[in-house]
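> predicted coordinates and the sequence they were generated for:
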Amino acid sequence: MNVLILSETLWPEGSGGELATYLYTRLLIENDVDVKLAISSASNHFKAWSELLIYKIPVLGHGKYAIIPMFKKLGELFEWSDVVCCTDFFQIIPLIKRAFKRPVVVHMHSYFPACPVGSLYNFKEKSICESDGRNCVSCIWYYERGCLKSSKQALASMLLNSTVGRHFLNFLKLADALVFVSRAQKDLFIKHASNFSIQSHVIYNPLPKLSHAPLQGNDLGYFGGLNPLKGFHILLKAWLKVHHKHQARIYATKMGRLANLESLKKIGITPYGRLDESLYEDVYSKVKAVIFPSIWQEPLPYVVSETLLRGRLLIASRVGGVPETAEGLKGTFIIEPNDANSLTDALDQVLSIDRSEASELGLKNREGILRKFDNHKSVNELIKVFERVIG
């Protein structure tokens, strides 16, 4: 079987979707599937992919609104493929289907295009977006400004997403199958995508190969950065209520312009930018629990899986695929999103657990997630989807 994967970029760039693509590619190759990758990113440091030939797609523009000119090599890749797996570039689906007659499987890692910004979160109401009476323009503005975009950038996003963006759902409807990464994601997406009858599957993303990290500290970790959907503002409210009662710090990563901010350090938060692998390992050794206060319905966040695999306690919002990953494990504390009081209580409880008990509970978390998920099952289910659409 020949599988062509289309992706804007590759791990370690991007986020969870790119990591899932990397893990699936490895697993597909191990199962004797011939895989080729085509991307638009100009990065030259994809070391993890060094033995694989990666084809660069020339595009006009950036992101989901990029124009993809047809060129000889891309046509050859489509002709070579038995099935095309898209993680991005939904705008090219009509060409693949009509000109090259190839089946298309789309791997869904967000709620786009059912939602223009991919979150289905109503910033004004602080809740899941309702399928009727949506005000996408308002949400786009709140989201872009919350991500510290300029007014000009936010207006441009509003214009594109509320006009051109409406066509992407029609592109998606031409696909032969969709693969969602959690039951919660599939249910919410289909609820918001009108007249949607595409063959859809839920296949949990593979787990990365991470070993248990010995615990050497009593601090906490937050790895979500400043994106307003990640809930740092909720964590800050809760932390201000408890930090004076405990001898502990929060190590916070992806903090952008707030990295090394002295006022955060004064309240026990050590902010970083993006960490390289060695520094990340050092931070993990110091934290006995990871805080995941996300406020949107995250499909299947890898930070949750990594926390459990590393053998750490977890405080996480009950959003999206989080319960499917972590609920029922003894070392997890599931709270309602956007609830600073519940997060305060969970922080108090976790900070009161001594290191030996935290280590024991963390090991149970690791054992629990390894029982719940099976990489061989995930890749075999994906191969079956490919075989089904190929016919």
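On my side now, so go ahead. Worth saying up front: this structure is predicted, and the values here are computed from it rather than measured.
> okay, CA-based contacts and neighbour counts for the rest of this
Will do.
> longest helix anywhere in this structure?
helix 355-372 (DSSP state H).
> only the buried residues of that helix, if you could.
Buried residues in helix 355-372, counting neighbours by 16 or more other CA atoms under 10 Å, are found at Arg355, Ala358, Ser359, Leu361, Gly362, Leu363, Lys364, Asn365, Arg366, Gly368, Ile369.
> what mean pLDDT does stretch 221-232 have?
When pLDDT is averaged over stretch 221-232, the result is 94.
> mind giving me the domain split of the protein?
The chain breaks down into these domains under automatic domain parsing: 2-120+165-206+374-390, 219-372.
> from the chain's centroid, how far away is the shortest one?
Using CA atoms, centre = their mean, to the nearest Å, the distance from the centre of domain 219-372 to the centre of the chain it belongs to is 16 Å.
> and for stretch 376-388?
For stretch 376-388, the distance to the chain centre is 21 Å (CA atoms, centre = their mean).
> from the contact counts, what lies against the longest helix of the chain?
For helix 355-372, the packing partners by 3 or more CA pairs under 8 Å, 6 or more residues apart in numbering; DSSP states H and E come out as strand 287-292, helix 302-309, strand 313-317, helix 322-326.
> who's in contact with the helix or strand just after that helix?
Remark: after helix 355-372, the chain's next helix or strand is helix 375-390, criterion DSSP states H and E. If you take CA atoms under 8 Å, 6 or more residues apart in numbering as the criterion, helix 375-390 is touched by 24, 27-28, 82-83, 103-105, 176-177, 203-207.
> with mean neighbour count added, can I get the helices and strands packed on helix 355-372 in TSV?
Listed next are those as TSV, based on neighbours: other CA atoms under 10 Å:
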stretch	mean neighbour count
strand 287-292	27
helix 302-309	23
strand 313-317	26
helix 322-326	20
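> can you say which of those is nearest to Ile5?
Counting by CA to CA, Ile5 lies closest to helix 302-309 out of the helices and strands packed on helix 355-372; the figure is 20.7 Å.
> quick one, that closest one and strand 313-317 angle?
Relative orientation of helix 302-309 and strand 313-317, computed by axes from the mean of the first three to the mean of the last three CA atoms, to 10 degrees: 150 degrees.
> so for helix 302-309, what's the average pLDDT?
Over the span of helix 302-309, the pLDDT mean works out to 97.
> again, but for stretch 205-214
94.
> contacts only, for the residue nearest to Val59 when sequence neighbours are not counted.
Residue nearest to Val59 in three dimensions, not counting chain neighbours: Ile68, with 4.8 Å by CA to CA, 6 or more residues apart in numbering. Counting by CA under 8 Å, 6+ apart, Ile68 makes contact with Ile57, Pro58, Val59, Leu60, Ile92.
> so how far is stretch 161-178 from its chain's centroid?
Relative to the chain's own centre, stretch 161-178 is displaced by 20 Å; criterion: CA atoms, centre = their mean.
> picking that back up, which ones among the contacts of helix 375-390 map onto helices?
Taking DSSP H as the definition of helices, the contacts of helix 375-390 contribute Tyr24, Leu27, Leu28.
> if we ignore the residues flanking it in sequence, what's nearest the last one?
In other words, Leu28. Val379 is the one closest to Leu28 (CA to CA, 6+ apart), at 6.7 Å.
> number of residues surrounding the one you found?
Val379: 23 surrounding residues under other CA atoms under 10 Å.
> how near is it to Leu207?
11 Å (CA to CA, to the nearest Å).
> which residue of this protein sits farthest from its center?
Lys245 (33.6 Å; CA atoms, centre = their mean).
> and the helices and strands packed on helix 355-372: which comes nearest Asn195?
Asn195 sits nearest to helix 322-326 of all the helices and strands packed on helix 355-372, at 27.1 Å, using CA to CA.
> for the helix or strand just after the closest one, give the mean pLDDT please.
Of the helices and strands lying after helix 322-326 in sequence (DSSP H and E), the nearest is strand 332-335. Throughout strand 332-335, pLDDT has a mean value of 97.
> give me the next element, helix or strand, following strand 332-335.
Using DSSP H and E, the next helix or strand after strand 332-335 towards the C-terminus is helix 340-351.
> give the other helices and strands that that next one contacts.
With contacts taken as 3+ CA pairs under 8 Å, 6+ apart, helix 340-351 sits against helix 232-242, strand 313-317, strand 332-335.
> and the helices and strands packed on helix 355-372 as TSV, adding distance to Pro271?
Formatted as TSV, those follow (distance: least, CA to CA, whole Å):
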stretch	distance to Pro271
strand 287-292	14
helix 302-309	18
strand 313-317	19
helix 322-326	25
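> ok, back up a step: output the ones in helices among the contacts of helix 375-390 as JSON lines; include the columns pLDDT and neighbour count.
Below are the ones in helices among the contacts of helix 375-390 laid out as JSON lines (pLDDT from 0 to 100; neighbours: other CA atoms under 10 Å):
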{"residue": "Tyr24", "pLDDT": "96", "neighbour count": "19"}
{"residue": "Leu27", "pLDDT": "96", "neighbour count": "18"}
{"residue": "Leu28", "pLDDT": "96", "neighbour count": "19"}
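> which of the residues you listed lies closest to Ser162?
Comparing the ones in helices among the contacts of helix 375-390 against Ser162 with CA to CA places Tyr24 closest, at 33.1 Å.
> so what's that closest one up against?
Pro206, Val379.
> how about a cut-off of 10 Å?
Glu18, Glu30, Asn205, Pro206, Leu207, Asn375, Ser378, Val379, Leu382 (CA atoms under 10 Å, 6 or more residues apart in numbering).
> which pair of the residues you listed spans the longest distance?
For the contacts of Tyr24, the farthest-apart pair by CA to CA is Glu18 and Glu30; their separation is 18.6 Å.
> so for the two, which residue has more residues nearby?
Taking other CA under 10 Å, Glu18 and Glu30 do not tie; Glu18 has more neighbours (19 against 11).
> sounds good, over and out.
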